[in-house]
Structure formats: C-alpha cells, structure tokens
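> Show me how the following folds:
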Amino acid sequence: MTTLLALETADTTCGVAVWHNGVCRAAAHIHRPRVHAARLVPLLNDTLEHAELAPKQVDAVAVSSGPGSYTGLRIGMSTAKGFAMARDLPLIPVPTLEAAAYALAPWVAPNDLVVPALDARRNDVFAAAYQCTFNGWSPAHDAGPYNTSALADAVWDAAESEGTIWCTGPAAQKAADPIRTHPAAQSAVHTVRVVPAPYRALSAEHVAQRGRARARKGLHEDPRTVEPAYLKAFHGTPSAKSV
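Residues are numbered from 1 along each chain as shown. This is a model prediction of the structure:
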C-alpha cells in the first residue's frame, strides 16, 4: 500500500491526512464543532492537492470509526464509504480510542496504562484502557460508555504495581479527576498524568498510523456494509421551535 487517505470526524475535530510511501504527505484539521458536513469533502480535496496526489492514486481509506459524536461519525463514515466504493478501495475502520491511545506510543513505558476518553455527556465518557508491556500493547478494558466513577474503578483494577496512568483525548481531564481522587490512588505509587490540551486532540494522522498497521494485518471491511461503532444509543435534543 503506497497511499492512504485518513479521515477523523468522531469529535469536534474535522481532519484529513494523506500518507504516502510511509510518511505524512499532507494533513489538515479544523477544530470547530458542527462543520463536518460542509467542510470535510473540501478539506479532503484540498489535502490531496497539497499532497500533490490525485484521488485515483489513493490505495486505501482509513476512517475513525467510533465511538464519538453520532453525527460526526455518520459524516466521516459516509464520506469514506463513498470514496472507497467509487474507486473499489479497501476501507479500514480505526477505533477512535485506539488511535488516540497509540498516539502516545513514543512516550509511554512498560507498565504504563493509557486511558483515552471522549465526552459522552453528563457524568459519562467514552473510554478504554491500554496496557503498555515489554512486548507491545494490550487492551486492559474494552471501549465503551463509562460513568466516570466506574471508569476510575476499572482503571485502578487494571493498573500494574507501578507505572504512569496517562489520560488523553478530548475528555482527558474529565476522566482523570475521579482517577486521581479514587481511594486506591492514596496508597498507589502511580503518577496520573493528563496529556496537555494541544497534544490530546483527535487527529487524522493518528488514524492513518493505525490504519497502516491494520492494513498490514489485513484488517479491512466491506465499504457497503460497515457501520460506525456508536456504543451508545442516539438521543436527539428537540428544537425549542418544535411543536
């Protein structure tokens, strides 16, 4: 695979990245809510142009597949499916939390625990936990909607005897506060670190990195049938003008 197009729309970030011959050739992100429908396709075209590549040169499409914003995921997946089906390309869904977690790979050490989190409203977050080992990474807790207190319980159950607990993603601080005040934290030797805000935003470049890793393992889906992983039922808010 020479050229991979990657899309990130699971949260307020609207992002596109193009990886070509193992490097990021071009990437662009808009960090504003509710712009995905109007800006994603123009951003895609602009990013390919900046990469000096034509759509016909793309070999595969990776897309952030959830959990996250219902509307954002639908727009990103629909765009990825349309691009892939029109050109008969493999479509690689990349779990949103996995992409956010693996972005920390250059900094984590064995026994560290990485907790990526997105806001799921009220006291809930979409989150997962990944354990760093000497042999690589392994899931410590599956992705899902968690009450922040329940997430803190799960994190401390999974934490090794030593190491750093890294909280990342758009809801990193929301997830970290109950972890830091959990009773287990009082006697633990762990450090709970929140990744600085500029470095925890979702990124299409991270989706591309995990997309390439998944492609090497043959992990792709039929673009005609794949759907986002919402992990939580959609609840719309009625308009104040509705009758």
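
> Check what pLDDT the residue nearest the centre of the chain gets.
Central residue of the chain (C-alpha atoms, centre = their mean): Thr96, 2.4 Å from the mean position. pLDDT recorded at Thr96 is 98.

> The chain should start at 13 in everything you say after this.
New numbering, starting at 13: the last item is Thr108.

> hang on, isn't it packed against Ser81?
No: assessed by C-beta atoms under 8 Å, Thr108 is found out of contact with Ser81, at 9.9 Å. Glycine gets a C-beta too; all of them are placed from N, C-alpha and C.

> joint contacts of these two?
22-23 (C-beta atoms under 8 Å, 6 or more residues apart in numbering).

> Am I right that Gly230 is in a helix?
No: under DSSP: H, G, I helix; E, B strand; the rest coil, Gly230 falls outside any helix and is assigned coil.

> Now do it against Ala72, distance only.
Separation of Gly230 from Ala72 (C-beta to C-beta, to the nearest Å): 12 Å.

> Then Ala213?
In terms of C-beta to C-beta, Ala213 sits 24 Å off from Ala72.

> What strand or helix carries the closest residue to Cys36 other than its chain neighbours?
Of all residues not flanking Cys36 in the chain, Glu217 sits nearest, at 5.5 Å (C-beta to C-beta, 6 or more residues apart in numbering). Secondary-structure element containing Glu217, defined by DSSP states H and E: helix 216-228.

> Okay, now the unreliable bits of this structure?
Applying pLDDT under 70 to the chain picks out residues 245-255.

> 80 - rerun?
By pLDDT under 80, the low-scoring segments of the chain are 13, 172-173, 199-201, 244-255.

> Ile42 in helix, strand or coil?
On the basis of three-state DSSP, Ile42 is classed as strand.

> My guess is Asn123 contacts Trp178. True?
No: with contact defined as C-beta under 8 Å, Asn123 does not count as touching Trp178 (11.7 Å).

> ok, the two, which is more surrounded?
Neighbour count, other C-beta atoms under 10 Å: between Asn123 and Trp178, Trp178 has more, with 24 against 16.

> how close does that one sit to Arg37?
Distance from Trp178 to Arg37, by C-beta to C-beta: 29 Å.

> same check, this time on Asp100
Applying C-beta to C-beta, one obtains 22 Å for the distance of Asp100 from Arg37.

> So Gly230 and Ala72 - more neighbours on which side?
Per other C-beta under 10 Å, whichever of Gly230 and Ala72 has more neighbours is Ala72, with 22 against 7.

> That one contacts Met13, doesn't it?
Yes: at 5.5 Å, Ala72 counts as touching Met13 under the criterion of C-beta under 8 Å.

> Spit out the residues that contact these two alike.
Jointly contacting Ala72 and Met13 under the rule C-beta under 8 Å, 6+ apart are Ala227.

> doesn't Ala140 make contact with Asp154?
Yes: using C-beta under 8 Å, Asp154 makes contact with Ala140 at a distance of 6.4 Å.

> Look at these two and report which has more neighbours.
Ala140 (25 against 11).

> any idea how far that one lies from Tyr211?
18 Å.

> Point out the other helices and strands that the top strand by length along the chain packs with.
Determined from DSSP state E, the single longest strand within the chain is strand 148-159. Applying 3 or more C-beta pairs under 8 Å, 6 or more residues apart in numbering; DSSP states H and E, one finds that strand 148-159 makes contact with helix 108-114, strand 136-145, helix 160-170.
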